[in-house]
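J.: Build the 3D model from these lines:
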Amino acid sequence: MPNLLTSTDYRTAINKLTGAAEVAIGSSTNASPTVVTITGHGLVTGDVIAIYGHATNTALNGARVVTKLSADTFKCTDLNTGSAVNGNGVGGNTGKIMRITSGLTPHDILNLQDALDRLTFTKGTDADSSNESTLQSIFSL
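T.: Have a look, this model is predicted:
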């Protein structure tokens, strides 16, 4: 099964659902937990983000929950396990983040995760009408 976080179609669908844009990572630490720097990131504690394409601190890639440290830094926990994300290399400006959710409850996040698991993506196409129906049924849109 392909990693959805590396799929352009998946990220395009998230962008259409949430209005989120990709933001480049400035740097990350090889620490426990790792600290990410993005100037003026605009994230708040509890935001769920996708991190992908980080070539040197690969442990950071995945679905993460943000803990804001400052206007320019944050640390992450793994969305599925709740464990701190620990660095496995000092990361320069590789990789990107995309905000998936902001200000949602854990129940909302589980519903979103369930919805994303049930979506299908075809390379080079937008999310189709069956995906839209799935989202509407889960979120009562």
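
J.: Is the nearest residue to Gly95 once chain neighbours are set aside in a helix, a strand, or coil?
T.: Spatial nearest neighbour of Gly95, chain neighbours left out: His54 (3.0 Å); criterion: C-beta to C-beta, 6 or more residues apart in numbering. All C-beta atoms are positioned from the backbone trio N, CA, C, and that covers glycine. Under DSSP: H, G, I helix; E, B strand; the rest coil, His54 falls in the coil class.

J.: Now for Gly53: which residues touch it?
T.: 6, 61, 94-96 (C-beta atoms under 8 Å, 6 or more residues apart in numbering).

J.: Format the residues you listed as CSV; extra columns: distance to Ile38 and neighbour count.
T.: Conversion of those to CSV gives the following (distance: C-beta to C-beta, whole Å; neighbours: other C-beta atoms under 10 Å):
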residue, distance to Ile38, neighbour count
Thr6, 19, 12
Asn61, 15, 18
Thr94, 13, 15
Gly95, 10, 21
Lys96, 10, 18
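
J.: tell me the two of the residues you listed that are most distant?
T.: By the measure C-beta to C-beta, the contacts of Gly53 have their two most distant members at Thr6 and Thr94, which lie 13.3 Å apart.

J.: any idea which helix or strand comes after the strand or helix carrying Arg64?
T.: Arg64 belongs to strand 62-68 when elements are defined using DSSP states H and E. Proceeding N to C from strand 62-68, the next assigned helix or strand is strand 73-78, under DSSP H and E.
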